[in-house]
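In: Here is a sequence together with a model predicted from it:
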Amino acid sequence: MNVLVTGGAGYIGSVCTEELLNAGHAVTVYDNLTEGHRSAVDSRARFILGRPEVEGDLLKAVREAQSEAILHFAASALVGESMANPGKYFQNNVVNGLALLNAAVAAGVRKFVFSSTCATYGPPEKVPMTEELPQRPINPYGESKLMFERMLHWYHEIHGLEFVAFRYFNAAGASEQFGEHHRTETHLIPNVLKVPLGQAKQCEIYGTDYPTPDGTCIRDYIHVVDLAQAHILALAPGKQGFYNLGNGDGYSVRQVIQTCEQVTGCRIPAVEKPRRPGDPPRLVASAEKAMRELGWKPKFPRLQEMVATAWAWHRKHPQGYPD
Ligand code: UDP
């Protein structure tokens with residue numbers, strides 16, 4: 001298929017672009033490079049420098065790419081930042097997202113695949129979390145993604161736009177070529193790996209008084225290549241709806257640090273800090289629906305493998321991407 005990938009210069013979008021190309025799809029990446037990196041775009045893809053805030057820019061790109069499907073990764077995606085600057089999240093994730101949806105409908109795009117998040121649920125009533133749990137986000141990031149999910153629902157009902165929205169849990173790991181490089185890094189695994197890379201003396205634990213066995217937050221980590229595979233499965237005609245993507249295993253912040261120590265063979269000192277606003281204590285997925293309905297099966301379900309591939313990438317690219 002001809003696929004337009006927004007945010008294809010970012011962490012998950014770059015790996016997904018690579019996997020789409022490997023599977024024989026033709027890919028055009030649309031990215032404004034505020035978060036993404038030009039050198040993270042697979043050389044086999046076409047690149048459009050996006051300006052989504054400019055009227056008509058998205059529709060022009062959708063048409064130029066002769067898009068049959070759109071994979072929409074581009075977003076602002078940091079819980080902490082969204083608690084300080086909610087307007088950025090509603091502008092980028094909702095307003096710019098709506099312009100993309102309208103462009104998809106105007107150009108007759110057949111399939112829309114959206115990067116949603118477990119942050120749309122807020123603190124869950126039970127874990128593992130299934131798709132029908134109530135969605136009550138506790139930060140503007142999760143709220144903005146939920147708003148887009150609701151728009152997708154109505155565009156499907158009214159315009160017949162077929163969509164799959166994936167509620168990602170915590171993406172981790174790397175492919176051989178592409179990995180995680182945020183200009184300001186807030187994520188746990190890349191921050192912890194800065195210690196064995198010699199770029200930090202210690203890592204930080206945000207909150208040790210959560211109602212969890214060791215007092216630190218629990219998350220469900222998923223390998224970025226497994227995430228990418230789910231997107232490819234979603235392109236099949238008739239696939240439609242909301243799906244969780246995770247492994248059903250929760251790891252605490254302390255367990256992640258321990259795994260990083262095992263993989264790298266380095267001791268990683270950690271300092272205990274206060275809680276980060278907006279963080280739910282425990283998020284663990286049930287991805288049974290994706291397995292059952294999409295035939296998705298994670299190839300790298302173990303945290304060890306995620307950290308090992310991340311570590312291999314960071315060792316090869318200690319400064320990340322050059323641009
Ligand atoms: N975290 C931490 N130290 C860090 C970065 C993150 O303790 O340097 C915690 C954070 O509070 C959360 C978990 O690790 O409980 C995962 O955070 P991350 O930012 O990687 O992903 P999120 O769950 O926010 O999407």
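Out: That came through, no problem.

In: Remind me which helix or strand C16 belongs to.
Out: helix 11-22 (DSSP states H and E).

In: average pLDDT across that helix?
Out: For helix 11-22, the per-residue pLDDT values average out at 98.

In: Then stretch 283-292?
Out: For stretch 283-292, mean pLDDT rounds to 98.

In: need the longest helix for this structure.
Out: For the chain, the helix with the greatest residue count under DSSP state H is helix 140-159.

In: how deep is the residue in the chain that the ligand sits nearest to tucked in, by neighbour count?
Out: Closest residue of the chain to the ligand, CB to the nearest ligand atom: C217 (3.0 Å). Where you see a C-beta, it was placed from the backbone N, CA and C, and this is true even at glycine. Per other CB atoms under 10 Å, the neighbour tally for C217 reads 25.

In: Let me see the contact set for it.
Out: 206-207, 210, 252-253, 279-282 (CB atoms under 8 Å, 6 or more residues apart in numbering).

In: For the stretch 201-323 of the chain, what lies in contact range of the ligand?
Out: 203-206, 217, 219, 253, 276, 279 (CB under 6 Å from any ligand atom).

In: of all those residues, which comes closest to V79?
Out: Proximity of those to V79 was ranked by CB to CB; the top entry is D279 with 6.6 Å.

In: show me what contacts that closest one?
Out: 79, 206-207, 217 are the contacts of D279 under CB under 8 Å, 6+ apart.

In: wait, is it part of a strand?
Out: No: the assignment for D279 (DSSP: H, G, I helix; E, B strand; the rest coil) gives coil, which keeps it out of a strand.

In: And it, what's its pLDDT?
Out: pLDDT, read off for D279, is 91.

In: Which parts of this structure are helices?
Out: Along the chain, counting by DSSP H, helices occupy 11-22, 57-64, 79-84, 86-89, 96-106, 140-159, 188-193, 224-234, 253-264, 288-294, 303-316.

In: what's the most buried one of those?
Out: helix 11-22 (a mean of 25; mean count of other CB atoms under 10 Å).

In: angle of it against helix 224-234?
Out: Relative orientation of helix 11-22 versus helix 224-234 (axes from the mean of the first three to the mean of the last three CA atoms, to 10 degrees): 60 degrees.

In: residues making contact with helix 11-22?
Out: Contacts of helix 11-22 (CB under 8 Å, 6+ apart): 3, 5-8, 27, 29, 31, 36-37, 40-42, 44-45, 71, 73-74, 115, 168, 171, 174-175, 177-182, 224-225, 227-229, 231-232.

In: List the neighbours of the helix or strand of the chain at the bottom of the mean pLDDT ranking that are in contact with it.
Out: In the chain, no helix or strand scores lower on mean pLDDT, DSSP states H and E than helix 79-84, which sits at a mean of 94. Identification of contacts with helix 79-84 by CB under 8 Å, 6+ apart yields 76, 88-89, 119, 139-142, 144, 186, 276-279.

In: what do you get if the cut-off is 6 Å, keeping everything else the same?
Out: 89, 139-141, 276-278 (CB atoms under 6 Å, 6 or more residues apart in numbering).

In: Please apply the same query to stretch 220-239.
Out: Here stretch 220-239 makes contact (CB under 6 Å, 6+ apart) with 12, 15-16, 19, 23, 69, 71, 111, 113, 164, 169-173, 175, 245-247, 250, 284-285, 294, 296, 298-300, 303, 306.

In: Just the residues you listed: which are in strands?
Out: Among the contacts of stretch 220-239, the residues falling in strands (DSSP state E) are 69, 71, 111, 113, 164, 170-172, 245.

In: top of those residues by neighbour count?
Out: L71 (32 neighbours).

In: Report the spatially nearest residue to F163, omitting neighbours in sequence.
Out: Closest residue in space to F163, ignoring its immediate chain neighbours: F112 at 4.3 Å, by CB to CB, 6 or more residues apart in numbering.

In: Return the per-residue confidence for the one you found.
Out: F112 carries a pLDDT value of 98.

In: how many neighbours does G8 have?
Out: 32.

In: ok, now F242?
Out: Around F242 there are 20 residues (other CB under 10 Å).

In: Look up the residues forming beta bridges with it.
Out: A165 (DSSP bridges).

In: Pretty sure it sits against F163.
Out: No: taking contacts as CB atoms under 6 Å, F242 lies outside contact range of F163: 9.0 Å.

In: end to end, how far does stretch 243-262 reach?
Out: Terminal residues of stretch 243-262 lie 32 Å apart, using CA to CA, to the nearest Å.

In: Likewise for stretch 310-323?
Out: First residue to last in stretch 310-323 (CA to CA) measures 19 Å.

In: how distant is that stretch from the center of its chain?
Out: Centre-to-centre, stretch 310-323 and its host chain are 19 Å apart (CA atoms, centre = their mean, to the nearest Å).

In: low-scoring pLDDT stretches of the stretch 151-300 of the chain, where are they?
Out: For the stretch 151-300 of the chain, no stretch is flagged by pLDDT under 70.
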